[in-house]
Every structure is written in C-alpha cells, then in structure tokens.
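Trainee: what's the 3D shape of this:
(one chain, ligands or ions: 2)
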Amino acid sequence: MSGADELDEAIALANSGRTRPAAPPVPRLKRIRRIQWSETDVDAGQPEEEASVRRDHADGMTDGMTDGTAEGTADGAGALGGGTGGGSAGGPASGRDARKPGVAARTRRPERPSWAEARALAAGSPGALPRVTLPLDRALGHTLAGPLEALTDLPSFDTSAMDGWAVSGPGPWELVTEPIGTESKGILAGDRAEPAPLPDGHAIRIATGARIPPNTSAVLRSEHGATSGATRLRTARAPQPGTDIRPRGQECRTGDTLLPEGTHVTPAVLGLAAAAGYDELEVVRRPRAEVLVLGDELMHRGLPHDGRIRDALGPMVGPWLTTLGADVIVTRRLGDDAEALYETLATTTADVVVTTGGTAAGPVDHLQPTLRRLGAELLVHGVRVRPGHPMLLAALKKREAGGEGDGEDGRGARDGEGGEGGGGTFLVGLPGNPLAALSGLVTLAAPLLRTLGGRPGPGHEQQGTLAEEVHGHPRDTRLVPVAHEGAGVRARVRPLRYAGPSMLRGIATADALAVIPPGGAAPGTDVRLLELPR
Ligand SMILES: Nc1nc2c(c(=O)[nH]1)N[C@H]1C(S)=C(S)[C@@H](COP(=O)(O)OP(=O)(O)OC[C@H]3O[C@@H](n4cnc5c(N)ncnc54)[C@H](O)[C@@H]3O)O[C@H]1N2
Ligand code: MOO
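Mentor: Numbering: from 1, shown residues only. Ligands and ions are numbered 1, 2, ... in the order given. This next block holds a predicted model:
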C-alpha cells in the first residue's frame, strides 16, 4: 500500500470512528513523484517525501492523520537514498533512474495543479464539438447549439381551459342548438373547422383545448352551469370576462427566445420544442467515449480467486460517462498488454478515451510509456486531490481530417462554429482504485465532457452542511463520499464509512462527494458537493 493509500484509509477510518486493524508487517515503500516528459526525456523519480515533508513541517502540521504519519514515515521521511526508483516497487522507474543517477535529486517537477486548477484545465482544453441536426427523438441528452426560438405563438389560438360552455355576454344564455332543436354537441379540441362567431347572449358547449369562437366573453365550467331543456343555460356564478380562456400567445410569441444556447436537452425541453413547432433540433454532437479497462488481475465473471479480483470499474465507468454526457462506444478490457493499448490509442476514433488503472509507475503500468510513444501532449499529470492524485489528462495526436462527424450522430452534420473542437482525442487516465477513479471522473472527465458537449462552466453545484468533522489532507483537496441526512433547513451531509480509495461500499451508498479543502472542515461547515453521476 502506498503512502497515499495509507493516508486516505487512515482518514477514512478516523472518520468512521473505528480503529485501524493491525497492519501486517510489510516494508513500506517509497513513493515516486515523476516529472513531465515534455520537460525531460527521463521519467525521473523525485521522492515526493523530500518536498512534501519539508512543506508539511513548514505548515506546522501536528495532526496525526496527515502526511507526517501516513506518508512521511512511510520509508524514512525525506530520505533521498535507498534508490530513487522506490525500492522494490520501482520496476521500470528504478531502471531509468539507474541509467541517470542523481537526476531525481536535481530535477524539480512542476507543482501538480490544485484540484480547482485541474478542473479548469480540463474544461479549458477543448472547444465544443461540431453541431449536428437531429430529429427530436434522438436529441435527448444533447446541448442546444443555438437559442431555441418559438416557431409559433403558444398557444397558437385562443383556447378553452375547461370543459363547459363558451358564453357571450352576461347570463342566462340561449344555447346554440342543432337544426333539429337539440343542444349542439359543441366545439371539440382539434375540430378542423373554424368555429362560427358566438352571437351575444348565446352559449355553446366547448371542450378543454378547443378553439374559442369569436365574440366569446368567457368559458363557464360545466360544474357551474345548469341547462333547462336544450335551450337555456344559467349559472349562480357568472364568470368574469376572460375566465378560463387561454389567449393566443399567452406563453410566447413567434420568435421569442424560449431557451438559451447551451441548454441541456431534457425530456421537458423536447416537449417544449415540439409544442413550439420543431421536428428537429440543432445540437452539439455528444462526445464519443471509449473505455479501456487495464489490468491483468481483473476477472469479469465469477468469484475472485488466486490473487485476482473482479473488475469493478468496467461496469461503472461507462454508465457514469453516459450520465456525464458522453456516448460510450465500447468498453474494452485490455489487460496489461502494452501493444494492445498502443494499437487501440493509435487507431481510436473516439473524442475521449478513458482508461482505468495503470496510471502509476508499477512494472505493468503501461499508460505513460504508451502516451510518450504516441507523442501525446500531457495536459494534467497528477492533481493535488485525494484520492486519485495520479490521474492524468492528455491530448492524443490529432487524426487526419475527414474522420470526424461521420459517426452515427454525425449524419447530417454540417460545419459550423465550434467545429474545430472535433479534431482530436483526449485521454483521461483514471487511477485503478475505485474511489480514485471516481475522483478522476469528476475532476477531469466531467469538465472535459461538458466543454466538448457545449456546456462549459461547472454546471449546477450544491452545498451541504457537514454533520461531523472531516479530517483534511495538509495540502490536497479531499473528495469524500457523503449521504444526505434530514431535509429542508436541517439538511446535512454525513461522511460515509468504507470510503477508502479501494472501497466500493461508500461510493455505492453516497449521494455526493464533499469537497474538503486542505486542512479539513469542522462540523457545521458548508462545503461544496459534487452530485454523483446517477
Ligand atoms: N509507488 C507508488 N505506488 C503507488 C502510488 C504512488 O504514488 N507511488 N499511488 C497509489 C495510488 S494513490 C493509486 S490510486 C494507485 C494508482 O495506480 P494505477 O492507476 O496504476 O492503478 P493500478 O495499479 O492498476 O491499480 C490500483 C489498484 O486498483 C485496483 N484496480 C485496478 N483496476 C481495477 C478495476 N477495474 N476494478 C477494481 N479494482 C481495480 C488494482 O488491482 C490495484 O489494487 O497507485 C498506487 N500506487
Ligand atoms: O489513494 Mo489513490 O489516491 O487511491 O489515488
């Protein structure tokens, strides 16, 4: 277990009120902080402890649940010795460092972005994808590429709001009769024929949604009127002029802006668009996403055995991406096959590839070497957030022109503003620990997908009042699974148990991730909440 794991699990335990189970006597391993390959061709290790522990001391850190115990003492805080490759966990890193001794001590990796900076970088990296025109039944979940303007008045004719009688003038009224002397069955919704003007002192049966005849002063509800014979209508409650009439244009006039550009197309937006006369909508193409699940230790069926575990991210990440606005083309299980990863990334037609696992520097963590091999541009490489700090965001090389907009949603696409954002593929590397993966998803994938899908900005963010104290990391933001508690003004959020980076029970019962600033948050503090993709 790495120092970071230990810190998060220690904090999770502290918050759950339980005591830490006796740790097995395994040697603790050094954690390596690596530099960006864009700055050097060596993936050199920089012992994180050296820098972090010094900073921690400067912070005056005394809390036992901090790096001081969890990271700093992990392998002899601050020691550069023992091999910059991180001891037995070093793998390839050890080899690289052995080739260039001392590089770790000399090279300073640029500070990892803060959590907020990383979100801004992810949101600011792409432009919106090209716009496409889709029939209403395929536009759900997209974003309006321009304002929705009414193509008609709504309602488009004066409409009866109730079943009853259209009346003209004060009662009592003479009923409009059929030629044979029976009361007319009146005006129904959808009657094609324009209703004849209603003479003064007359009434005619009318249904909800039917056209109001000219010269009508009000609609009298059926329960408020009584007929005598087939000819007279009386009431004890004469309606005011205009009662129960929806006048033409009450909701909007032709050309009114109903919704702004960037609106998320919900079922209600589809309903409004249909009512306003639309058969199709101009929307921003949804990003196409491909999920690559990495790790030879993963099984996809049956009970875990022989050191292998069930893949918990394959079933989660695709649906999460869908709720975040992506069209997931495929979820592939690539194991730890570096060549398969290279081939997949070199040939992908997705806008966003999301990998799980393999972000770190273990012996079979092929992601970073593969990105180097592909000449990818690393946009975010590690984030000051727990868990999930090894997450990364890269831009893969742009594909040749011509491949865009020809997917299913691209049919009928036309070039337009924002089209230049559709030429490349972004890669979001989610760490393998499930809560760390969720952290990467909300930190990098969510803002990236929002911008690509034409919905820049953080979206709707909530706040919650902490029901209890949450310990903080000294420098990094923590994302902590919480559940809502109570309702109304007493609403609070409570941190959940089983919320260690590798755990799933906390995630499965969480309503949101609480954003805990460095240093922690006291009970009663209002914190930001990131609603979990559902
Ligand atoms: N020397 C260091 N080791 C590690 C560090 C570090 O800073 N230095 N960071 C630790 C942290 S924090 C995390 S998080 C992980 C991230 O590593 P990877 O992204 O390379 O992930 P893996 O090593 O492949 O897996 C980590 C963990 O998660 C399990 N896993 C992976 N995929 C799945 C899946 N689809 N479903 C369920 N569980 C999965 C995997 O078996 C491992 O237990 O690195 C630490 N190490
Ligand atoms: O502990 Mo790691 O932080 O799960 O990303």
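Trainee: where in this protein is pLDDT low?
Mentor: Within the chain, the stretches with pLDDT under 70 are 1-110, 398-423.
Trainee: quick one: the helices in it?
Mentor: Applying DSSP state H to the chain gives helices spanning 3-16, 48-58, 67-70, 92-99, 103-106, 115-124, 136-139, 267-275, 314-323, 338-347, 367-374, 434-440, 446-452, 505-509.
Trainee: got a list of what the residue nearest the centre of the chain touches?
Mentor: Nearest to the geometric centre of the chain sits Leu324, at 3.3 Å (Cα atoms, centre = their mean). Residues near Leu324 by Cβ atoms under 8 Å, 6 or more residues apart in numbering: Leu441, Ala445, Ala446, Leu449, Arg450, Pro533. To be clear about C-beta, it is placed using only N, CA and C from the backbone, and glycine gets the same treatment.
Trainee: okay, the nearest residue to the second one once chain neighbours are set aside and Arg450: tell me how far apart.
Mentor: What that stands for is Ala445. With Cβ to Cβ, 6 or more residues apart in numbering as the criterion, Ala445 has its nearest non-adjacent residue at 4.8 Å, and that residue is Val428. Distance, Val428 to Arg450, by Cβ to Cβ, to the nearest Å: 13 Å.
Trainee: more neighbours: the two, which one.
Mentor: Val428 (30 against 24; other Cβ atoms under 10 Å).
Trainee: for that one, list each beta-bridge partner.
Mentor: In this entry, Val428 is beta-bridged to Val354, Leu393, by DSSP bridges.
Trainee: am I right that it is in contact with Val352?
Mentor: Yes. Val428 sits in contact with Val352 when judged by Cβ atoms under 8 Å, with a separation of 6.5 Å.
Trainee: looking at the protein, which residue is nearest ligand 1?
Mentor: Gly432 (2.4 Å; Cβ to the nearest ligand atom).
Trainee: quick check: phi and psi on the closest residue in space to that residue that isn't next to it in sequence?
Mentor: The shortest distance from Gly432 to any non-neighbouring residue, by Cβ to Cβ, 6+ apart, is to Gly357 (3.3 Å). The phi and psi torsions at Gly357 (degrees, to the nearest 10) take the values phi 80, psi 170.
Trainee: list the contacts for Gly357?
Mentor: Taking Cβ under 8 Å, 6+ apart as the contact definition, Gly357 lies against Val293, Leu294, Gly295, Leu313, Asp365, Leu430, Pro431, Gly432.
Trainee: 6 Å instead?
Mentor: Contacts for Gly357 (Cβ atoms under 6 Å, 6 or more residues apart in numbering) come out as Leu294, Gly295, Gly432.
Trainee: name the nearest of those residues relative to Ala118.
Mentor: Ranked by distance to Ala118 (Cβ to Cβ), these are led by Gly432 at 18.6 Å.
Trainee: so how many other residues sit close to the closest one?
Mentor: Residues contacting Gly432 under the criterion other Cβ under 10 Å number 25.
Trainee: ok, Ala274 next?
Mentor: Ala274: 12 surrounding residues under other Cβ under 10 Å.
Trainee: now it. Nearest residue, chain neighbours left out?
Mentor: That would be Leu136: by Cβ to Cβ, 6+ apart, it lies 6.1 Å from Ala274.
Trainee: what of Gly454?
Mentor: Closest to Gly454 by Cβ to Cβ, 6+ apart is Val284, at 3.2 Å.
Trainee: contact residues of the stretch 201-350 of the chain facing ligand 1?
Mentor: Val293, Gly295, Glu297, Leu298, Ile309, Asp311, Ala312, Leu313, Gly314 (Cβ under 6 Å from any ligand atom).
Trainee: same thing but at 8 Å, please
Mentor: Within reach of ligand 1 by Cβ under 8 Å from any ligand atom, the stretch 201-350 of the chain has these residues: Val293, Leu294, Gly295, Glu297, Leu298, Ile309, Arg310, Asp311, Ala312, Leu313, Gly314.
Trainee: and of the residues you listed, the nearest to Gly454?
Mentor: Using Cβ to Cβ, these come closest to Gly454 at Leu313, 27.3 Å.
Trainee: just checking, that closest one touches Leu435?
Mentor: No. Using Cβ atoms under 6 Å, Leu313 is not in contact with Leu435, being 10.8 Å away.
Trainee: could I get the full set of strands for the stretch 151-300 of the chain?
Mentor: In the stretch 151-300 of the chain, the segments counted as strands under DSSP state E, counting those that start in this stretch are 159-160, 164-167, 173-175, 202-206, 218-221, 225-228, 232-235, 245-246, 257-259, 280-284, 288-294, 298-299.
Trainee: follow-up on the earlier one: my guess is the residue nearest to Ala274 meets Gly271, correct?
Mentor: No. With contact defined as Cβ under 6 Å, Leu136 does not count as touching Gly271 (9.4 Å).
Trainee: who's more crowded, those two?
Mentor: Ranked by neighbour count (other Cβ under 10 Å), Leu136 and Gly271 place Leu136 first, with 16 against 11.
Trainee: determine how far stretch 448-463 lies from the middle of the whole chain.
Mentor: 7 Å (Cα atoms, centre = their mean, to the nearest Å).
Trainee: who's in contact with it?
Mentor: For stretch 448-463, contacts defined as Cβ under 6 Å, 6+ apart pick out 122-123, 126, 128-129, 143, 262, 284, 286-287, 324-326, 351, 426, 526, 528-529.
Trainee: ok, Pro319 to Gly242 distance?
Mentor: The gap separating Pro319 from Gly242 is 50 Å, by Cβ to Cβ.
Trainee: and for Leu496?
Mentor: Counting by Cβ to Cβ, the gap from Leu496 to Gly242 is 55 Å.
Trainee: give me the more crowded residue out of the two.
Mentor: Leu496 (22 against 13).
Trainee: so what's that one up against?
Mentor: Residues near Leu496 by Cβ under 6 Å, 6+ apart: Pro481, Ala483, Gly506, Thr509, Ala510.
Trainee: repeat the analysis, applying 10 Å as the threshold.
Mentor: 12, 15-16, 480-483, 503, 505-511, 514 (Cβ atoms under 10 Å, 6 or more residues apart in numbering).
Trainee: quick check: chain neighbours aside, which residue is closest to it?
Mentor: Using Cβ to Cβ, 6+ apart and skipping residues adjacent in sequence, the residue nearest Leu496 is Gly506, 4.3 Å away.
Trainee: the residue of the chain closest to ligand 1 touches Val364, doesn't it?
Mentor: No. Gly432 is beyond contact range of Val364, at 11.1 Å (criterion: Cβ atoms under 10 Å).
Trainee: overlap of the contact sets of the two?
Mentor: Residues touching both Gly432 and Val364 by Cβ under 10 Å, 6+ apart: Leu294, Gly295, Glu297, Gly357, Gly358.
Trainee: sounds good, over and out.
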